[in-house]
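K.L.:
Turn this into a model:
(one chain, ligands or ions: 2)
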Amino acid sequence: MLQTASGIESRVQQKLGGNPTSVDSIVVGKGNEVKMKPGQHLLIVNQLYPYTVQFKEDPNRGHVGTKRRQPASEERENDKKASSIKVARPAERVASSVNNAESTLTIETTGHWSLGLKASMQDPKMQIYKDERVVVIKDKYPKARYHWLVLPWESIPSLKALHGEHCDLLRHMQQVADKMIQQCKDASSLRFRSGYHAIPSMSPLTLFSSHVHLHVISQDFDSPCLKNKKHWNSFTTDYFIESQDVIQMLEKNGRVTVKEGAGELLKQPLSCHVCHKELPTLPRLKDHLKSHFP
Ligand code: AMP
Ligand code: ZN
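P.N.:
Ligands and ions are numbered 1, 2, ... in the order given. The predicted structure is shown next:
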């Protein structure tokens, strides 16, 4: 089940076949066009039915009266880019086919930031490893010298949607992550961690954006993209849940539970993940890190 982003109006156009795709239980039907409003649910079937989803910003709607999440800095940069592209401009084609030319999913968008991850995983230029179950891409805004994302082809919106049958998939994702680390030329000098964010920043209410992803990240955190406390705490506190722990929870309980108040962890004071020294600002912390990672 997918939901539109606030302030974005989406149009779903069906092109082929008796596709039972529906928007809030209204079947789209062959050759029809359906406008989606924020909050409506889009149910789509599988790779058998090609269709086009267009994202169009409604110039009259603005954000008045719409509660909109404050995006992270890199996402804000993309947001700016998106809004600077006028609606009248031809939509940018961002996704290409997966595996099978007959089952093409095309997303046309003016570039709203929340669509980026989904588009990147489909983009052969971004893929650095893929098999029948997962794809690995470089994180576009790496928070360390090495930062990859392992994504399953299967669309799993969040940790909450995982159940016992996903154990095998998650173990495979972990194996692929381990392989990535082993193949890294700096593996002997850098420590790596692989895990999930308790609450992925790209998930809330955004159409096509939610997709479980395993972060594989070197522990130097030497990157200009690491810009704020939220970035830092999302990788160095319990907000970052080890892949092994997620797998264990699934094996034991058949589901993943995220501690209540996990979001509060992002507000914690900045403290070095190596020696636990507290630093007052991120620039000071980054300076301090140079002593651990020359
Ligand atoms: P989170 O949802 O907090 O687990 O993190 C999402 C990750 O996706 C962040 O590390 C972003 O830097 C990364 N990201 C955002 N947009 C893209 C994109 N278009 N391609 C690749 N990675 C992205
Ligand atoms: Zn330290």
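
K.L.:
And the helices in this protein, which stretches?
P.N.:
Secondary structure of the chain (DSSP state H): helices located at 73-84, 116-122, 167-182, 229-236, 243-253, 282-292.

K.L.:
now those in a markdown table, with mean pLDDT and distance to ligand 2?
P.N.:
Where you see a C-beta, it was placed from the backbone N, CA and C, and this is true even at glycine. As requested, those are exported to a markdown table (pLDDT from 0 to 100; distance: least, Cβ to the ion, whole Å):
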| stretch | mean pLDDT | distance to ligand 2 |
| --- | --- | --- |
| helix 73-84 | 42 | 24 |
| helix 116-122 | 88 | 31 |
| helix 167-182 | 98 | 23 |
| helix 229-236 | 98 | 11 |
| helix 243-253 | 97 | 24 |
| helix 282-292 | 97 | 5 |
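
K.L.:
Which of those sits closest to ligand 1?
P.N.:
Closest to ligand 1 of those is helix 116-122 (Cβ to the nearest ligand atom; 2.7 Å).

K.L.:
Determine if any part of that closest one is in contact with ligand 1.
P.N.:
Yes - Helix 116-122 reaches ligand 1 (Cβ under 6 Å from any ligand atom) through Gly116, Leu117, Ser120.

K.L.:
shaky segments in this protein?
P.N.:
Residue ranges of the chain with pLDDT under 70: 1-20, 22-115, 202-209.

K.L.:
Write out the residues of it neighbouring ligand 1.
P.N.:
Glu74, Gly116, Leu117, Ser120, Ile137, Asp139, Lys140, Tyr141, His197, Pro200, Ser201, Met202.

K.L.:
Turn those residues into CSV, including neighbour count.
P.N.:
Conversion of the residues of the chain next to ligand 1 to CSV gives the following (neighbours: other Cβ atoms under 10 Å):
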residue, neighbour count
Glu74, 17
Gly116, 20
Leu117, 21
Ser120, 20
Ile137, 21
Asp139, 20
Lys140, 14
Tyr141, 19
His197, 20
Pro200, 19
Ser201, 16
Met202, 21
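
K.L.:
do you know how far Asp131 is from ligand 2?
P.N.:
38 Å (Cβ to the ion, to the nearest Å).

K.L.:
What residues does the residue nearest to that residue when sequence neighbours are not counted make contact with?
P.N.:
Leaving aside its chain neighbours, Asp131 sits nearest to Val176 (7.6 Å; criterion: Cβ to Cβ, 6 or more residues apart in numbering). In this structure, Val176 makes contact with Tyr129, Asp131, Val134, Val136, Val150, judged by Cβ atoms under 8 Å, 6 or more residues apart in numbering.

K.L.:
Which of those residues ranks first by neighbour count?
P.N.:
Val150 (26 neighbours; other Cβ atoms under 10 Å).

K.L.:
distance of Pro269 from ligand 1?
P.N.:
Going from Pro269 to ligand 1 by Cβ to the nearest ligand atom, to the nearest Å gives 20 Å.

K.L.:
Run through the residues that contact that residue.
P.N.:
Applying Cβ under 8 Å, 6+ apart, the residues near Pro269 are Glu278.

K.L.:
Got the phi and psi for it?
P.N.:
For Pro269, the backbone dihedrals (degrees, to the nearest 10) come out as phi -60, psi 150.

K.L.:
Roughly how far does it sit from ligand 2?
P.N.:
Distance from Pro269 to ligand 2, by Cβ to the ion: 14 Å.

K.L.:
do the same with Glu260
P.N.:
Taking Cβ to the ion, one finds Glu260 at 30 Å from ligand 2.

K.L.:
That residue: neighbour count?
P.N.:
7.

K.L.:
Glu165 now?
P.N.:
9.

K.L.:
same deal with the one 3 residues further on?
P.N.:
Asp168 has 12 neighbours, counted by other Cβ under 10 Å.

K.L.:
likewise Cys184?
P.N.:
Count around Cys184 with other Cβ under 10 Å applied: 17.

K.L.:
What distance do you get for it to ligand 1?
P.N.:
18 Å.

K.L.:
just checking, that residue touches Ala144?
P.N.:
No - the pair Cys184 / Ala144 is not scored as a contact, 11.5 Å apart, by Cβ atoms under 8 Å.

K.L.:
Name the residues contacting each of those two.
P.N.:
Ser218.

K.L.:
Lys230 against Leu265, yeah?
P.N.:
No - judged on Cβ under 8 Å, Lys230 makes no contact with Leu265 at a distance of 9.9 Å.
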